[in-house]
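>>> please work out how this folds:
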Amino acid sequence: MSIDFLHEKIRKFRSPLIVDLSITEELLPPHLMEQEGDFSKAYIRFCRELLEALAGVVPGVRFSFDAFALLGDDCLLQLKTLLKRAGELGFYTLLDGPQILSPWAADRAAKLLTDENFPCQGMLISPYIGSDAIKPFAPSCAKGDKDLFVVVRSANKSASELQDLLTGMRLVQGAAAELVNRFGESIFTKCNYSRICAVSSAGSPDSLRNLRTQYKHMFILVDGLDYPSGNMKNASLAFDRFGYGAAISAGPTVTAAWKDAEGAASDAYIEHALLAAERIKKNLQRYVTIL
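Below you'll find the model as predicted:
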């Protein structure tokens, strides 16, 4: 499984959407909390029900290792089960890796976050400890075992405080992009995109435009569609002229869409998630044609 597999799914569904299943307790449908009794059980059920509903509708799903780890050992076991089920349902599965704050943490993550423990096609990490964060994962990418998604420009509001600073003749995020390119420039797939990919923000059009212009073979994950600054026009800048080379990640915009629907009951959250996924697909088609 690789970026080629994700491209095939995007072509098949004419949609580049990867649904992020991370959610806060405030956005979790309250009927799940009432019926399950606590957040961890309700969250697992939430993920399981959405997987079944979204299968055959969107190309991929995204999980957070830290979100499950913070809920305890039992939830980490459930993460493995959910990843396996997502694969069985045909999704491209992306896992946000644990925080990597040292070279030793990166080495350990690369060794332990295997298909045997956590079956996923892609792993997402931050590179802001430098090349030590990416290096341990590169051999696995080169062998075709996994894709690596590296955050170049994050979507949170305060990201500009560091990532948009000028260092020499480039921005900090530009230095991160060059790091991604250095490791990924020789690891291409059949679709002619690298298995070491960049992550940037739907609220940062300049970042997306620069990535697509400067790095023709870099696959881009557009994050942050859930933030007020994120929009589809910006997101469209990440795609090539054939409508490929990028995917879009959205979480509560899809999974908590029921809250924005007037008079909607929380037990209709799956129906509204499906409607939101279709809306994202149609809105992107205003700017991008997937051939």
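>>> quick one: mean pLDDT for the strand or helix carrying residue 210?
For residue 210, the enclosing helix or strand under DSSP states H and E is helix 205-214. Per-residue pLDDT values over helix 205-214 give a mean of 97.
>>> which residue ranges of the protein form helices?
With DSSP state H as the definition, the chain shows helices at residue ranges 3-13, 30-36, 39-54, 65-69, 73-88, 103-112, 138-143, 160-163, 172-184, 205-214, 232-235, 252-255, 269-284.
>>> so which of those is nearest residue 191?
The closest of those to residue 191 is helix 3-13. By C-beta to C-beta, the value is 4.7 Å. Quick note: C-beta positions are derived from backbone N, CA and C, even for glycine.
>>> packing partners of the closest one?
strand 92-96 (3 or more C-beta pairs under 8 Å, 6 or more residues apart in numbering; DSSP states H and E).
>>> paired strands for the strand it packs on, with orientation please.
Strand 92-96 has the following sheet partners, assigned by DSSP bridges: strand 60-64 (parallel), strand 122-125 (parallel).
>>> what residues does the shortest one touch?
By that I understand strand 122-125. By C-beta atoms under 8 Å, 6 or more residues apart in numbering, the residues outside strand 122-125 that reach it are 6, 62, 92-97, 100, 106, 109, 113, 133-134, 137, 146-151, 197, 199, 221.
>>> what packs against the helix holding residue 210?
Helices and strands touching helix 205-214, by 3+ C-beta pairs under 8 Å, 6+ apart, are helix 172-184, strand 196-201, strand 220-223, helix 232-235.
>>> using CSV, write down the CA coordinates of that helix.
Output in CSV follows, covering the C-alpha atoms of helix 205-214 (Å, rounded to 0.1, in the frame of the first residue of the first chain):
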residue,chain,number,x,y,z
PRO,A,205,-2.4,29.6,0.6
ASP,A,206,1.1,30.9,0.1
SER,A,207,2.5,27.7,1.7
LEU,A,208,0.4,25.5,-0.5
ARG,A,209,1.2,27.4,-3.7
ASN,A,210,4.9,27.4,-3.0
LEU,A,211,5.0,23.7,-2.2
ARG,A,212,3.1,22.8,-5.4
THR,A,213,5.2,25.1,-7.5
GLN,A,214,8.7,24.3,-6.1
